[in-house]
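> predicted model and sequence below, questions to follow.
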Amino acid sequence: MAHVEVAHLTYVLPDGRPLLDDVSFRVGDGVKAALVGPNGAGKTTLMRLIAGDLQPVEGSVVSSGGLGIMRQFIGGIRDGRSVYDLLVSVAPERVRQAAERLEAAELVMMEREDEKAQMRYAQAITDYTDAGGYDIEVLWDACTMAALGMPYDRCKYREVNTLSGGEQKRLVLEALLRGPDQTLLLDEPDNYLDVPGKIWLEQALRETPKTVLLVSHDRELLANAADRIVTVESGNVWVHGGGFRSYAQARRERNERLEELKKRWDEEHAKLKRLVNMLKQKAKYNDGMAAAYHAAQTRLRRFEEAGPPEAAPRDQLISMRLKGGRTAKRAVICERLELTGLMKPFDLEIWYGERVAVLGSNGSGKSHFLRLLAGEDVRHTGTARLGARVVPGHFAQTHARPELLGRTPCEIVMTEHARLKNEAMKALARYELAGTIAEQRFETLSGGQQARLQILLLELSGTTMLLLDEPTDNLDLASAEALQQGLDAFDGTVVAVTHDRWFAEDFDRYLVFGSDGRVYEAPEPVWDESRVVRKR
């Protein structure tokens, strides 16, 4: 049996702010549950509490069946880890520990080969074998073939940063879904996956007998793969026993019930206070009313100690004021452009004011194309130039912004864009980043909060062409809708790489980076390229 049970969990952030209060829920054997809620509500923190990375102030977490964990920023790895290192990091704990001892023993053997080092190395090999390390490497071979198209022995020492974000995600998902752990925690498993990859994930989740708790903002995936919805908002958790298609209505009805209960509580509270005041006045002139007065006081005190019912969470009010500005008619001109080793030469013109969605499989060069237009050094032949008065603003998929580390949103807006503190706070408030969030370091923000801050920086930068690389990946539903409204009002050109099926519907043109190296336009979003190729 595999399950997760959270009981009366309370967690306070290191700065003293309460985040989760008396949270309880259960994910039973074989259930696929989705954890949803506003950015920064505590979804990733709750996953880390379940994983054991953090310790609660109160409450407990119990799980069974072994715990396989995919952390939030898998897909954006840019360090020197190898494929072997990545697979070990998501292996069962006994394999991880044995692999660490084996690696340490190998390092000692590289320095000296005395008898003691040899004995240590021999013992480490035995421990790794007993832990199932060599057995799981057979499984990893199937994973690398499925995710990367090559056997494990050929890619085990390949650096992970040479893989696309989608390849990193697919590799870890293959390892977890095929591995021995029967309870999986998946934080944003669909990020970086192209649409065929997301469809594969939906099917894999439906078919696996494992118990899964996942965080996602992809409505298609939630609707197609989740049995129930666990919502984190305002420090509390509630569970919708149906799927995502009925979730919005269930949430509205729940909030209406909470508002009605709060209204009734306020009415009863006011009634009791009036009664106490009335009896107090009467008791001044009539000793016989003293007992009634004290009884009413006791009743009011107990009522207030019990406290009001749970408050209905407020809706987010996000206002993105992306302005832009007039540029030359031709915003982007590409002539015989080829990103080295990724695509065949192509010509392209993008006109002022157009919304161009860049689609295609992972590793086809879409992100490199945006980086080239943003002015980064990307190996290419041919030309890619921008029109007059085109000022590019780049939203990076990985949120890799080392210059922002250690700084708060308030500091960043004030220093990067010469804003006074009150002006900075007003701008942050429009993005739901004010209050205590404005004083947190960038690296401590949730993925969605980091994304919103980067969009705000684009708004303040005076950019006239937005280059957006998977902008909705970490945004909650309210933030994604606000972004769409902001793009509708933007007076400039938008080029966006996306695998978000809902987001792509609003674009004017669809530029497809084909798996065969061709770059071509399509009249509508292309998610299954094989069908287009057969028709042509």
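All right, it came through fine.

> helices or strands up against the helix or strand E5 falls within?
Here E5, judged by DSSP states H and E, is contained in strand 4-12. Counting contacts by 3 or more Cβ pairs under 8 Å, 6 or more residues apart in numbering; DSSP states H and E, strand 4-12 is packed against strand 18-27, helix 43-51, strand 58-63. To be clear about C-beta, it is placed using only N, CA and C from the backbone, and glycine gets the same treatment.

> how far away is the nearest residue to E174 once chain neighbours are set aside from P151?
Closest residue to E174 apart from its sequence neighbours, by Cβ to Cβ, 6 or more residues apart in numbering: C143 at 3.9 Å. Separation of C143 from P151 (Cβ to Cβ, to the nearest Å): 10 Å.

> which of those two has more neighbours?
C143 (23 against 13; other Cβ atoms under 10 Å).

> could you pull up the contacting residues of the more buried one?
Remark: with contacts taken as Cβ atoms under 8 Å, 6 or more residues apart in numbering, C143 is in contact with 87, 152, 171, 174-175, 178.

> helix, strand or coil for it?
Recorded secondary structure, C143: helix (DSSP: H, G, I helix; E, B strand; the rest coil).

> L467 now?
Once three-state DSSP is applied, L467 turns out strand.

> mind listing what it touches?
When contacts are taken as Cβ under 8 Å, 6+ apart, L467 is in contact with 370, 373-374, 392-395, 495-496.

> between these, which is closest to E259?
Nearest to E259, judged by Cβ to Cβ, of those is F395 at 36.8 Å.

> my read: the closest one touches P471, true?
Yes - counting by Cβ atoms under 8 Å, P471 is a contact partner of F395 at 5.3 Å.

> the helices in the stretch 151-300 of the chain, which residues?
152-155, 165-178, 195-207, 219-225, 247-285, 290-306 (DSSP state H, counting those that start in this stretch).

> what's around D266, how many residues?
D266 has 11 nearby residues by other Cβ under 10 Å.

> now do L258
16.

> thinking it is in contact with A311, fair?
Yes - in this structure, L258 is within contact of A311 by Cβ under 8 Å, at 6.7 Å.

> quick check: phi and psi at V495.
Torsion angles at V495 (phi, psi; degrees, to the nearest 10) stand at phi -120, psi 120.

> who are the contact partners of the spatially closest residue to M150 that is not a sequence neighbour?
Nearest residue to M150, sequence neighbours excluded (Cβ to Cβ, 6+ apart): T144, at 6.0 Å. Counting by Cβ under 8 Å, 6+ apart, T144 touches 83, 150-152, 155, 171.

> and T144, how close does it get to Y134?
16 Å.

> now V356
In terms of Cβ to Cβ, V356 sits 49 Å off from Y134.

> then G37?
42 Å.

> Y247 contacts H240, correct?
Yes - under the criterion of Cβ under 8 Å, Y247 makes contact with H240 at 5.4 Å.

> okay, and the common contacts of these two?
What both Y247 and H240 touch, as defined by Cβ under 8 Å, 6+ apart, is the set I229.

> in the chain, which residue is closest to the centre?
N474 (3.9 Å; Cα atoms, centre = their mean).

> from T436, how far off is that residue?
20 Å.

> and for K426?
From K426 to T436 the distance is 16 Å (Cβ to Cβ).

> between the two, which has more neighbouring residues?
K426 (13 against 10).

> pull the CA atoms of the strand or helix carrying the more buried one into CSV?
Using DSSP H and E, K426 maps to helix 421-430. Taking Å, rounded to 0.1, in the frame of the first residue of the first chain, the C-alpha atoms of helix 421-430 are listed here in CSV:
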residue,chain,number,x,y,z
LYS,A,421,10.5,53.1,-2.5
ASN,A,422,6.8,54.1,-2.5
GLU,A,423,6.7,53.9,-6.3
ALA,A,424,8.4,50.5,-6.2
MET,A,425,5.9,49.2,-3.7
LYS,A,426,3.0,50.4,-5.7
ALA,A,427,4.3,48.6,-8.8
LEU,A,428,5.0,45.5,-6.8
ALA,A,429,1.5,45.6,-5.3
ARG,A,430,0.0,45.4,-8.8
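
> tell me the mean pLDDT for it?
Averaging pLDDT along helix 421-430 gives 89.

> ok, then the element right after it?
Past helix 421-430, the next helix or strand by DSSP H and E is helix 447-461.

> and that following helix, what does it pack against?
So helix 447-461, by 3+ Cβ pairs under 8 Å, 6+ apart, packs with strand 392-395, helix 409-416, helix 421-430, helix 477-489.

> average pLDDT for the longest one?
By that I understand helix 477-489. 85.

> from the contacts of C143, list just the buried residues.
Buried residues within the contacts of C143, counting neighbours by 16 or more other Cβ atoms under 10 Å: 87, 152, 171, 174-175.

> any chance of the residues you listed in CSV, with pLDDT and distance to L201 too?
As requested, the buried ones among the contacts of C143 are exported to CSV (pLDDT from 0 to 100; distance: Cβ to Cβ, whole Å):
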residue, pLDDT, distance to L201
L87, 94, 18
Y152, 94, 21
L171, 95, 13
E174, 96, 10
A175, 96, 14
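
> ok, so of the residues you listed, who is nearest G387?
The closest of those, once distances to G387 are taken by Cβ to Cβ, is L171, at 40.0 Å.

> which ones are touching the closest one?
83, 86-87, 143-144, 147-148, 163.

> likewise for V108?
117, 120-121.

> recalculate using a threshold of 10 Å.
Contacts for V108 (Cβ atoms under 10 Å, 6 or more residues apart in numbering) come out as 114, 116-118, 120-121, 124.

> would you mind measuring from it to D85?
Distance from V108 to D85, by Cβ to Cβ: 19 Å.
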